[in-house]
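Visitor: what's the 3D shape of this:
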Amino acid sequence: MVYGSQFTVHSKKSSENFTVNSKLQTPNQFTSEVVIGIECHVELDTKTKLFCSCSTKGNENPNTRVCPICLGHPGSKPVMNKKAFDYAIKLCMALCCKLDTELIFSRKSYFYPDMSKNYQITQFERPLGVGGHIKTTEKLIKLKRIHLEEDPASITYPGEMYSSNYSLLDYNRAGNPLVEIVTEPDIESPKQAREFLNKLILILSYLKIFDINTCIIKADANVSVKESGYSRVEIKNITGFKELERALVYEVTRQKALIKAGRKIERETRSWDSISKTTKKLRTKETEEDYGYIIDPDLCIVDVTKKLTEDLKKEIPELAHQKVERFIKTYKIDPVDAEVMVSEIELADLFEKVSKKANPALTAKWLRRELLRVLNYNNTTIKNIKFGEKELTELITLVDKKTITESTAQKIMEELIQKPFSPKEYVEKNKLAQLSNQAEIEDFCKQAIKENPKALQDYKNGEEKALQYLIGQVMKLTKGKASPEVVNRMIRGLVDGK
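Guide: Okay, the predicted model is just below:
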């Protein structure tokens with residue numbers, strides 16, 4: 001990656017005579033204390049690899065899902081996966097990138113065991129998409145480029161990488177389709193970097209081109225601080241968004257400490273050690289020129305036609321940020337609730353279905369707080385629940401009409417997660433309707449006061465929490481069927497003598 005550069009490419013229709021002009025950003029163009037750029041590699045959810053028919057999933061025994069093409073045998077010829085191509089175009093359009101009119105692959109030459117043919121098929125001179133952005137809470141993170149490339153093999157080290165006497169290679173992963181998303185150096189904190197990646201994952205899931213359970217996502221980060229004049233360091237292959245944030249926090253702290261000690265920040269590539277929670281030097285930072293890019297002669301140029309992009313654009317669904325705006329406008333719900341509702345596409349769909357029949361604000365509240373609470377407690381996801389809009393509509397309507405208390409509704413939600421049933425019939429069968437007889441509620445309040453004289457005395461001595469204890473006792477006596485608000489008002493009147 002040429003950090004902060006902009007590519008101006010002049011080309012003919014053929015793959016010849018490419019020139020690349022790079023205009024590096026100078027330090028005085030930055031103003032923030034920390035400058036971070038992200039290179040994110042996302043595995044696309046296809047059945048076969050990018051340039052061969054080997055399966056991307058299945059037999060996990062090492063080196064079983066391989067062929068002469070993904071092993072780079074002499075004479076083998078790659079053929080591009082059309083599905084991966086379509087997925088990459090969808091992502092470019094969803095992120096508001098400018099699409100190139102052609103797809104051109106290059107060879108990135110390097111000598112390393114994870115790529116047996118000694119080059120990686122990627123894109124350099126003309127990425128599939130340029131520009132674009134992802135909006136985070138604090139700012140708009142601009143994108144530099146998005147391109148297609150093949151994944152290298154997997155290298156594992158018995159014990160720790162730095163102390164292992166040998167490494168093991170598994171080429172099952174080699175050739176899997178990746179999109180690389182490269183940001184401008186716009187990110188100003190580790191927290192912002194993590195939010196950027198969460199937003200990206202959300203877009204990928206809405207497009208249904210990435211499966212978080214089976215596909216790999218990796219990130220490299222370029223980090224620099226103001227005190228060094230923005231001399232940057234690259235951190236490679238960080239897996240997990242929490243680990244990314246930890247790695248960035250450590251690296252920023254390390255760089256500032258070195259500068260404070262009067263030392264210079266080296267331009268280098270480091271790796272994140274998730275065990276020691278430190279970054280460690282891998283090598284001196286290479287430049288793009290070191291890779292000796294050439295246009296791949298085995299792969300033909302593919303036209304990105306207007307008809308193709310128009311057809312694919314029709315397949316792009318309403319994305320999360322668009323749903324947020326519509327939910328706020330249409331259903332008049334709180335912006336925070338709207339953000340939570342779109343955090344999973346299944347949750348967004350469920351909210352919309354229920355909100356057409358029940359109070360939208362109350363629906364958002366119950367899905368956000370109670371449904372998610374029950375899912376977390378039972379260690380499951382919304383994809384796995386057996387009940388749906390019918391049961392939730394009934395339950396929320398019962399609460400909205402004050403037929404049952406929120407306490408009763410919470411218990412019903414906990415029961416629903418075990419097996420689906422009609423909340424309305426359940427309430428009738430078990431006589432769980434909210435108590436409305438004022439005299440009956442008052443009798444329960446008097447009973448609670450009589451049976452708990454110490455709590456009464458503590459309240460009179462100024463302990464407010466003693467009153468909450470008495471209210472809890474009334475709720476226990478009524479089996480949660482009395483309105484907490486009514487009980488609160490009534491029991492205060494009794495103990496205060498009003």
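
Visitor: alpha carbons only for contacts and neighbour counts from here, please
Guide: OK.

Visitor: so who does V487 touch?
Guide: Counting by Cα atoms under 8 Å, 6 or more residues apart in numbering, V487 touches 441, 445, 471, 474.

Visitor: kindly recompute the last result at 7 Å.
Guide: Shown in contact with V487 (Cα atoms under 7 Å, 6 or more residues apart in numbering): I471.

Visitor: phi, psi of it?
Guide: phi -60, psi -40 (degrees, to the nearest 10).

Visitor: distance check, it against A455.
Guide: V487 sits 16 Å away from A455, going by Cα to Cα, to the nearest Å.

Visitor: now E251
Guide: Here E251 is placed at a distance of 55 Å from A455 (Cα to Cα).

Visitor: what's around E160, how many residues?
Guide: Residues lying near E160 (other Cα atoms under 10 Å) number 11.

Visitor: can you list the domains in this structure?
Guide: 7-312, 320-429, 438-495 (automatic domain parsing).

Visitor: dump those into JSON lines; add mean pLDDT as well.
Guide: JSON lines is the format used below for these (pLDDT from 0 to 100):
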{"stretch": "domain 7-312", "mean pLDDT": "88"}
{"stretch": "domain 320-429", "mean pLDDT": "93"}
{"stretch": "domain 438-495", "mean pLDDT": "82"}
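
Visitor: what's the helix or strand containing L244 packed up against?
Guide: Using DSSP states H and E, the element containing L244 is helix 241-260. Here helix 241-260 touches helix 190-207, going by 3 or more Cα pairs under 7 Å, 6 or more residues apart in numbering; DSSP states H and E.

Visitor: ok, 10 Å please
Guide: strand 34-43, helix 190-207, strand 217-225, strand 233-238, strand 268-273, strand 278-284 (3 or more Cα pairs under 10 Å, 6 or more residues apart in numbering; DSSP states H and E).

Visitor: okay, angle between that helix and helix 190-207 too, please.
Guide: If you take axes from the mean of the first three to the mean of the last three Cα atoms, to 10 degrees, helix 241-260 sits at 150 degrees to helix 190-207.

Visitor: gap between helix 241-260 and the chain center?
Guide: Mean-position distance between helix 241-260 and its chain equals 22 Å (Cα atoms, centre = their mean, to the nearest Å).

Visitor: and that helix, which residues are buried?
Guide: 241, 243-248, 250-252, 255-256 (16 or more other Cα atoms under 10 Å).

Visitor: turn the residues you listed into JSON lines, columns for distance to E325.
Guide: Formatted as JSON lines, the buried residues of helix 241-260 follow (distance: Cα to Cα, whole Å):
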{"residue": "F241", "distance to E325": "26"}
{"residue": "E243", "distance to E325": "31"}
{"residue": "L244", "distance to E325": "29"}
{"residue": "E245", "distance to E325": "28"}
{"residue": "R246", "distance to E325": "32"}
{"residue": "A247", "distance to E325": "34"}
{"residue": "L248", "distance to E325": "32"}
{"residue": "Y250", "distance to E325": "36"}
{"residue": "E251", "distance to E325": "37"}
{"residue": "V252", "distance to E325": "35"}
{"residue": "Q255", "distance to E325": "40"}
{"residue": "K256", "distance to E325": "40"}
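
Visitor: got the angle for the helix holding L244 vs strand 278-284?
Guide: Using the same axes, to 10 degrees: helix 241-260 against strand 278-284 is 70 degrees.

Visitor: convert the C-alpha atoms of helix 241-260 to PDB, please.
Guide: Extracted in PDB, the C-alpha atoms of helix 241-260 (Å, rounded to 0.1, in the frame of the first residue of the first chain):
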ATOM      1  CA  PHE A 241     -11.700  -6.400  16.100                       C
ATOM      2  CA  LYS A 242     -10.900  -6.400  19.800                       C
ATOM      3  CA  GLU A 243      -7.400  -7.500  18.900                       C
ATOM      4  CA  LEU A 244      -7.200  -4.700  16.300                       C
ATOM      5  CA  GLU A 245      -8.100  -2.100  18.900                       C
ATOM      6  CA  ARG A 246      -5.600  -3.500  21.400                       C
ATOM      7  CA  ALA A 247      -2.900  -3.700  18.800                       C
ATOM      8  CA  LEU A 248      -3.400   0.000  17.800                       C
ATOM      9  CA  VAL A 249      -3.500   1.100  21.400                       C
ATOM     10  CA  TYR A 250      -0.300  -0.700  22.100                       C
ATOM     11  CA  GLU A 251       1.500   0.600  19.000                       C
ATOM     12  CA  VAL A 252       0.500   4.300  19.600                       C
ATOM     13  CA  THR A 253       1.700   4.000  23.200                       C
ATOM     14  CA  ARG A 254       5.000   2.300  22.000                       C
ATOM     15  CA  GLN A 255       5.700   5.000  19.400                       C
ATOM     16  CA  LYS A 256       5.000   7.900  21.800                       C
ATOM     17  CA  ALA A 257       7.200   6.300  24.500                       C
ATOM     18  CA  LEU A 258      10.100   5.900  22.000                       C
ATOM     19  CA  ILE A 259       9.900   9.500  20.900                       C
ATOM     20  CA  LYS A 260       9.800  10.700  24.500                       C
END
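
Visitor: which is the succeeding secondary structure element to the helix or strand encompassing I121?
Guide: In this assignment (DSSP H and E), I121 forms part of strand 119-122. Downstream of strand 119-122, the next assigned helix or strand under DSSP H and E is strand 129-130.

Visitor: list the neighbouring strands of that following strand plus their orientation.
Guide: Using DSSP bridges, the strands paired with strand 129-130 are strand 98-99 (antiparallel), strand 140-150 (antiparallel).

Visitor: and the last one with strand 34-43, angle?
Guide: Following the same axes, to 10 degrees, one obtains 40 degrees for the angle between strand 140-150 and strand 34-43.

Visitor: surely I203 and F210 touch.
Guide: Yes: counting by Cα atoms under 10 Å, I203 touches F210, with 9.4 Å between them.

Visitor: what's the end-to-end length of stretch 366-382?
Guide: Start to finish, the residues bounding stretch 366-382 are 14 Å apart (Cα to Cα).

Visitor: ditto for stretch 406-426
Guide: 15 Å.

Visitor: which positions in the helix or strand that E485 is a member of come out as buried?
Guide: Per DSSP H and E: E485 is located in helix 484-495. By 16+ other Cα under 10 Å, the buried positions in helix 484-495 come out as 484, 487-488, 490-491, 495.

Visitor: ok, and the closest non-adjacent residue to E370?
Guide: Q410 (6.9 Å; Cα to Cα, 6 or more residues apart in numbering).

Visitor: centre of the chain to the helix or strand harbouring that neighbour, how far?
Guide: Per DSSP H and E: Q410 is located in helix 406-416. Relative to its chain's centre, helix 406-416 lies at 30 Å (Cα atoms, centre = their mean).
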